[in-house]
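Peer 1: next comes the sequence, and after it the predicted model I'd like to discuss.
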Amino acid sequence: MTKIDFYTNVADPQEFACRLADTVQRKKERLLIWLDSERSVDVFSNRLWSFGDTRFVPHCRLEAAEAAETPVWLAATLPDDLAHPVLLNLGPYVPYAFERFTRILEIVGRDSASLATARERFRAYRERGCEIEHHDMSQTQT
């Protein structure tokens, strides 16, 4: 059964996504980050390389030659045959065949569009019987 973690009331979703990626990879878990376009992959990749003053999150594109040795992968499309432990969903919708992931991380900003998207995704996951955990981040960020 796939476990879904919703992180809500996030002040800066992109910054939070970097912190979350860092946390997952420090726990020695493999992470796939799904984004909505190739341009978004490039932009987010640059953020991960310069995350924090003294650290970065090692990553590469899913199709890169070094992907087997890299803990964090970035992709604008999800291959049909890929099973992976953790997915950070920065993509446009609930992933097709999401059951192939052990865990899916969803980040929800404070704006109305993010909240509306999150409600739809929450319903879709719940209808499919997923275990859902909610983390209210309003008290941990400025």
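Peer 2: Ah, there it is. Residues are numbered from 1 along each chain as shown.
Peer 1: secondary structure class for the nearest residue to S114 once chain neighbours are set aside?
Peer 2: In this structure, S114 finds its nearest non-sequential neighbour in V108, 5.1 Å apart by CB to CB, 6 or more residues apart in numbering. Glycine gets a C-beta too; all of them are placed from N, C-alpha and C. Using DSSP: H, G, I helix; E, B strand; the rest coil, the structure places V108 in strand.
Peer 1: how near is V108 to R121?
Peer 2: 9 Å (CB to CB, to the nearest Å).
Peer 1: more crowded one of these two?
Peer 2: Neighbours around V108 and R121, counted as other CB atoms under 10 Å, are more numerous at V108. The numbers are 24 against 20.
Peer 1: by contact count, what packs against the helix or strand that contains F122?
Peer 2: Assigned by DSSP states H and E, F122 belongs to helix 112-127. Counting by 3 or more CB pairs under 8 Å, 6 or more residues apart in numbering; DSSP states H and E, the packing neighbours recorded for helix 112-127 are strand 3-10, strand 101-109, strand 131-136.
Peer 1: just name the most buried of the ones you listed.
Peer 2: strand 101-109 (a mean of 21; mean count of other CB atoms under 10 Å).
Peer 1: identify the residues contacting F122.
Peer 2: Contact analysis of F122 by CB atoms under 8 Å, 6 or more residues apart in numbering lists 6, 132.
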